[in-house]
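> After the sequence you'll find the predicted model.
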Amino acid sequence: MAKIVVLGAGISGHVAASHLRRKLPKEHQVMVVSPNSNYQWIPSNIWVGIGRMKSKQILFPLAPLYKKKHIGFKQAKAVTFHPEGDVTENKPYVLVEGVVGDSKGKQEKVTYDYLINATGPKLNFEATEGLIPGTNSTYSVCTYTHADHAWEGLSALIADMKKGKKAKILIGTGHAKATCQGAAFEYILNVEQELRRHKVRDMAEVTWISNEYQLGDFGMDGMLLSYGDMTMKSHEMVEMIFEDRDIKWILGAGVQKIENGIAHYENLDGEKKSETYDFAMLIPSFSGHGFKAFDKNNKDITDKLFKGFMIVDANYSPKPYEEWSVQDWPETYQNPSYKNIFAPGIAFAPPHSISKPRKSKNGTEIFPAPPRTGMPSGITAKLVADNIIDTIKSGKEQLHHKGSMGNMGAACIASAGFGMTSGSGVSITTYPIVPDYEKYPKTQGRQLGKTFGEIGLAGHWLKLALHYAFIYKAKMKPFWWLIPE
Amino acid sequence: MTQRISKYQRLKMMNPILQFFRFIYLSIKILIVVAGGHGGTRNIKSSTSSS
């Protein structure tokens, strides 16, 4: 009998646990450890943040589902990793701490045969002074509670605008090395559409602020894409959308400090500037959770497991940007020191950024960190689960399932406004996610045709269809596994 | 404000009948890109497989 422990119940952790349970006989134990009681479909937070969806529409409680499906569930947070056990415990374990009820604050050892670390990122708001969701007129849409607060702030501002107040709205990234520009891009377009719907668009100045060097970088160094009969660069497409919607933009901006209604930032020219606002939604930087790891004798071995995020089968040797290769990116998400530990989704340490690193004249690094959205998170979680299943069934290590972000496509269906007949979406697919300049030297590392963009009402329907499909899948309803990650 | 998307383009983008066919087309195209398989990059001949 094998025991597989999954840390985290986000997209990655939940996908891994679901596939493990479906494919493994019942004598093997699957256990999920997560501090969250609910599963949330994060891509729909955008619509919660504009008041067009309630948070209860994008979440469901995990405990009843896991009980029904015979998946163990512990509502707790990981504290330390002990991949060799310790002097009293022979098996590897994770020390976890309960977060609710009688077990709150109580620590226990959760042993495992295989460990999937799907803890995702820490939303590192502290890295930017004053960036606290719900204070200083700044908000976030990173969680459903943050999105609820954002809608409270936005709806109050819309009410003020209806009374004649002129307002400045600032949306983008809240740190020099933040990622997830796609979420901010969706939010700014949705907010702009809502302002028009409430007939207050002319009362607002809407501005995009981002650490990207060019619009449409999205942490992926931008892309050359097919758009209708044309081939255009992603920055040209985003520029077209922003100009058409009268959205201003500030680029190469590393936000360093937030005061009530003022965002202070440094740009790539080294200038220290500030931008005032009445409402801001700024995505924080992501970081690892700061976990520690110890060997059997309680010696600190954190550097064997973590490099901020978890170390996996990537090439982490430092080298100049010109020497970066698609082969540096991991394929199996297995920790090289402890072969029974895996880190899919956002939990693994990327070997380097995808966007070209840039520094301001003062030496401040200002460029997006690599994005790892829902789709690659789900795909990498499933391949990790499949390798563990094959290993358990065959009795020897099997790593046949591979999925490098350099040989994987992703779709980003960015909502550009909500409404069955008035909505819009910007559908972008990218193949591969990490550009392969050797394979596609003439098209900026990506395959044209499979990398394309499209704007229109169909994009909104598609995003809405994905919302319902993926919540159906996450609830493990009949034939859920037929829906691809 | 600069009108970068013409009225005709906008009409096409928001026409429910045209967009219904775009929805079907996009769904299939995205499925091909995303579910079309993935693999490694270090030994492409032996490792390309979908999981």
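All right, it came through fine.

> all helices of the stretch 301-450 of chain A, in order?
Counting by DSSP state H, counting those that start in this stretch, the stretch 301-450 of chain A has helices at residues A:302-305, A:374-394.

> okay, those helices in CSV with mean neighbour count next?
For every residue, glycine as well, the C-beta is placed using N, CA and C. CSV is the format used below for those (neighbours: other CB atoms under 10 Å in any protein chain shown):
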stretch, mean neighbour count
helix A:302-305, 15
helix A:374-394, 24
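
> Same list, those, but as CSV with mean pLDDT please.
Below are the helices of the stretch 301-450 of chain A laid out as CSV (pLDDT from 0 to 100):
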stretch, mean pLDDT
helix A:302-305, 96
helix A:374-394, 95
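
> For chain B, find the nearest of the ones you listed.
Shortest separation from chain B across the helices of the stretch 301-450 of chain A is recorded for helix A:374-394, at 3.8 Å, computed as CB to the nearest CB.

> The closest one near chain B anywhere?
Yes - Helix A:374-394 is in contact with chain B by CB under 8 Å from any CB of the partner chain, via A:M375, A:I379, A:K382, A:L383, A:D386.

> Please report the distance of the third one from A:V141.
Relative to A:V141, A:K382 is positioned 26 Å away (criterion: CB to CB, to the nearest Å).

> those helices in chain B, which residues are they?
B:7-14, B:16-34, B:44-47 (DSSP state H).

> Could you say which of the ones you listed is packed most deeply?
Highest mean neighbour count among those (mean count of other CB atoms under 10 Å in any protein chain shown): helix B:16-34, with a mean of 16.

> mind listing what the most centrally placed residue in chain A touches?
Geometric centre of chain A, nearest residue: A:T373, 4.6 Å, by CA atoms, centre = their mean. A:T373 sits next to A:G182, A:A410, A:C412 when contact means CB atoms under 8 Å, 6 or more residues apart in numbering or on different chains.

> Please tabulate the residues you listed in JSON lines, including the columns distance to A:G216.
Converted to JSON lines, these look like this (distance: CB to CB, whole Å):
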{"residue": "A:G182", "distance to A:G216": "10"}
{"residue": "A:A410", "distance to A:G216": "15"}
{"residue": "A:C412", "distance to A:G216": "11"}
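
> For chain B, state which of these is nearest.
Using CB to the nearest CB, the contacts of A:T373 come closest to chain B at A:A410, 6.9 Å.

> Look up which residues are beta-bridged to the closest one.
Legend: beta-bridge partners of A:A410 under DSSP bridges are A:T430.

> How about A:V96?
Beta-bridge pairing of A:V96 under DSSP bridges involves A:A78, A:E108.

> residues contacting it?
So A:V96 contacts A:V33, A:K74, A:A76, A:K77, A:A78, A:V79, A:Q107, A:E108, A:V110 (CB under 8 Å, 6+ apart).

> Find the nearest non-adjacent residue to the fourth one, please.
Excluding the flanking residues, the one nearest A:K77 by CB to CB, 6 or more residues apart in numbering or on different chains is A:P35, at 4.2 Å.

> same check, this time on the first one
If the residues on either side of it in the chain are set aside, A:V33 comes closest to A:K74, at 4.7 Å by CB to CB, 6+ apart.

> contacting residues for the one you found?
Neighbouring residues of A:K74 by CB under 8 Å, 6+ apart: A:M31, A:V32, A:V33, A:S34, A:V96, A:G98, A:V110.

> Closest residue of the stretch 51-200 of chain A to chain B?
For the stretch 51-200 of chain A, CB to the nearest CB, closest residue to chain B: A:E192, 11.5 Å.

> residues in contact with that residue?
By CB under 8 Å, 6+ apart, the residues touching A:E192 are A:R201, A:V206, A:R245, A:I247, A:G417.

> tell me which of those residues is nearest to A:L20?
Lowest distance from A:L20 to the contacts of A:E192 (CB to CB) belongs to A:G417, with 38.5 Å.

> Distance check, A:L225 against chain B.
According to CB to the nearest CB, to the nearest Å, A:L225 stands 12 Å off from chain B.

> Just the element for that residue, please.
Taking DSSP states H and E as the criterion, A:L225 maps to strand A:224-227.

> The next helix or strand after that strand pairs with which strands, and in what direction?
Using DSSP H and E, the helix or strand that follows strand A:224-227 in sequence is strand A:230-233. Strand pairing for strand A:230-233, using DSSP bridges, gives strand A:224-227 (antiparallel).

> Between the helices of the stretch 301-450 of chain A, which one is closest to A:Y316.
helix A:302-305 (11.2 Å).

> ok, residues contacting that closest one?
A:F81, A:P83, A:F291, A:K292, A:A293, A:I311, A:N335, A:S337, A:Y338, A:I341.

> cool, and stretch A:116-123?
Contact with stretch A:116-123 is made by A:4-10, A:12-13, A:16, A:78, A:140, A:142-143, A:284, A:286-291, A:309-310, A:341-347, A:381, A:384-385, A:388, as judged by CB under 8 Å, 6+ apart.

> Geometric centre of chain B: which residue is closest?
Centre-nearest of chain B using CA atoms, centre = their mean is B:I30, 4.3 Å out.

> For the helices of chain B, which has the smallest mean pLDDT value?
Ranked by mean pLDDT, the helices of chain B end with helix B:44-47 at the bottom, a mean of 45.

> Close to chain A: what parts of chain B are there?
B:1-5, B:12-16, B:19-20, B:22-23, B:26-27, B:29-36, B:38-42, B:44, B:47-49, B:51.

> residues in contact with the residue nearest to the centre of chain B?
Applying CB under 8 Å, 6+ apart to B:I30 gives the contacts A:A411, A:I413, A:S427, A:T429, A:L462.

> next one: A:I433
A:M220, A:I354, A:P376, A:M405, A:G406, A:M408, A:G409, A:A410.

> Of those, which pair is most distant in space?
Longest span within the contacts of A:I433, CB to CB: A:I354 and A:G409, 14.7 Å.

> Is A:D86 within a helix or a strand, and which one?
A:D86 is located outside every helix and strand, with elements delineated by DSSP H and E.

> give me every residue that touches it.
Taking CB under 8 Å, 6+ apart, one finds A:Y93, A:F294, A:K296, A:N297, A:N298 in contact with A:D86.

> Please tell me I have it right and A:M237 contacts A:L224.
No - contact criterion CB atoms under 8 Å: A:M237 and A:L224 do not qualify, at 10.6 Å.

> who has more neighbours, the two?
Shown here are A:M237 and A:L224; by other CB atoms under 10 Å in any protein chain shown, A:M237 has more neighbours (22 against 18).

> Just say helix, strand or coil for the more buried one.
Secondary structure state of A:M237, per DSSP: H, G, I helix; E, B strand; the rest coil, is helix.

> Nearest spatial neighbour of A:W41, chain-adjacent residues omitted?
A:W41 sits nearest to A:I58 (CB to CB, 6+ apart), 4.7 Å away.

> Quick check: the one you found touching A:V48?
Yes - contact criterion CB under 8 Å: A:I58 and A:V48 qualify, at 6.4 Å.

> Overlap in contacts, these two.
Counting by CB under 8 Å, 6+ apart, the residues touching both A:I58 and A:V48 are A:Y144.

> of those two, who's got more company?
Taking other CB under 10 Å, A:I58 and A:V48 do not tie; A:V48 has more neighbours (26 against 22).

> Skipping adjacent residues, who's closest to the more buried one in space?
Nearest non-adjacent residue to A:V48 (CB to CB, 6+ apart): A:A147, at 3.8 Å.

> isn't there a strand covering the one you found?
No - residue state for A:A147 (three-state DSSP) corresponds to helix; a strand is not indicated.

> Would you mind listing the residues in contact with it?
A:A147 touches A:N45, A:I46, A:V48, A:G49, A:S55, A:S140, A:V141, counting by CB under 8 Å, 6+ apart.

> Try it again at 10 Å.
Contacts for A:A147 (CB atoms under 10 Å, 6 or more residues apart in numbering or on different chains) come out as A:40, A:42, A:44-51, A:53, A:55, A:58, A:133, A:139-141, A:187, A:281.

> Likewise for A:S360?
With CB under 10 Å, 6+ apart, A:S360 has these contacts: A:A176, A:G252, A:A253, A:G254, A:E266, A:N267, A:L268, A:D269, A:G270, A:E271, A:K272, A:I366.

> Right, I'll leave it there.
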